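Novice: structure, please.
(one chain, ligands or ions: 2)
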Amino acid sequence: MTPRAGAYQCIGCGACCAAFRVSFYWAECAALDAVLINQLTPTMACMAGTNQASPHCAALQGTVGLDAQCSVYALRPSPCRQVQPGDERCLKARAKYGLP
Ligand code: SF4
Ligand code: SF4
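Specialist: Ligands and ions are numbered 1, 2, ... in the order given. Reported below is the predicted structural model:
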């Protein structure tokens, strides 16, 4: 059963921004600073810092679970918009940081 989404607060959390590779069609990131992007293939890119053993998006500011926030929130790519509070990836990310 999926836990109730309302039980999870994204504000200050950021766990899912430091748990997975965030990859997307390269054209999605045209408005982002190049230092925040890693080109993966001619057509795919990812957020810098997320293509490593311990992912941590370069656009994430603050401390996960405390005061984390996305510095490019309005421009964030589609994978960031797809994670929903309480879904499988959210719970996996929160568990990684010992968050309830
Ligand atoms: S979706 Fe989940 S892991 Fe991601 S910021 Fe929100 S509460 Fe945290
Ligand atoms: S771009 Fe923003 S929302 Fe997406 S992973 Fe990075 S910090 Fe999180």
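
Novice: and the single longest helix found in the chain, what's its mean pLDDT?
Specialist: Counting residues, the longest helix found in the chain (DSSP state H) is helix 88-96. The pLDDT scores in helix 88-96 average 97.

Novice: now do the SS call for the residue positioned nearest the centre of the chain.
Specialist: Closest residue to the average C-alpha location of the chain: Cys17 at 2.7 Å, with CA atoms, centre = their mean. State at Cys17, reduced to three classes by DSSP: H, G, I helix; E, B strand; the rest coil: helix.

Novice: need the residues that contact the longest helix of the chain.
Specialist: 3, 8, 13, 15-16, 18-20, 83-84, 100 (CB atoms under 8 Å, 6 or more residues apart in numbering). Every C-beta, even on glycine, is put in place using the N, C-alpha and C of the backbone.

Novice: now Ala58: phi and psi?
Specialist: phi -70, psi -20 (degrees, to the nearest 10).

Novice: got the residues of the protein near ligand 1?
Specialist: 8, 10, 13-16, 83, 85, 90, 93-94 (CB under 6 Å from any ligand atom).

Novice: sorry, back to before: make sure the residue nearest to the centre of the chain is actually in contact with Ala68.
Specialist: Yes: if you go by CB atoms under 8 Å, Cys17 and Ala68 touch, sitting 6.9 Å apart.

Novice: now list whatever residues contact both of those two.
Specialist: Leu60.

Novice: quick one on the thing from earlier: tabulate the residues of the chain next to ligand 1 (JSON lines), appending distance to His56 and neighbour count.
Specialist: Shown next, in JSON lines, are the residues of the chain next to ligand 1 (distance: CB to CB, whole Å; neighbours: other CB atoms under 10 Å):
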{"residue": "Tyr8", "distance to His56": "20", "neighbour count": "18"}
{"residue": "Cys10", "distance to His56": "17", "neighbour count": "16"}
{"residue": "Cys13", "distance to His56": "14", "neighbour count": "22"}
{"residue": "Gly14", "distance to His56": "9", "neighbour count": "24"}
{"residue": "Ala15", "distance to His56": "11", "neighbour count": "25"}
{"residue": "Cys16", "distance to His56": "11", "neighbour count": "28"}
{"residue": "Val83", "distance to His56": "15", "neighbour count": "19"}
{"residue": "Pro85", "distance to His56": "20", "neighbour count": "17"}
{"residue": "Cys90", "distance to His56": "17", "neighbour count": "22"}
{"residue": "Ala93", "distance to His56": "12", "neighbour count": "22"}
{"residue": "Arg94", "distance to His56": "15", "neighbour count": "20"}
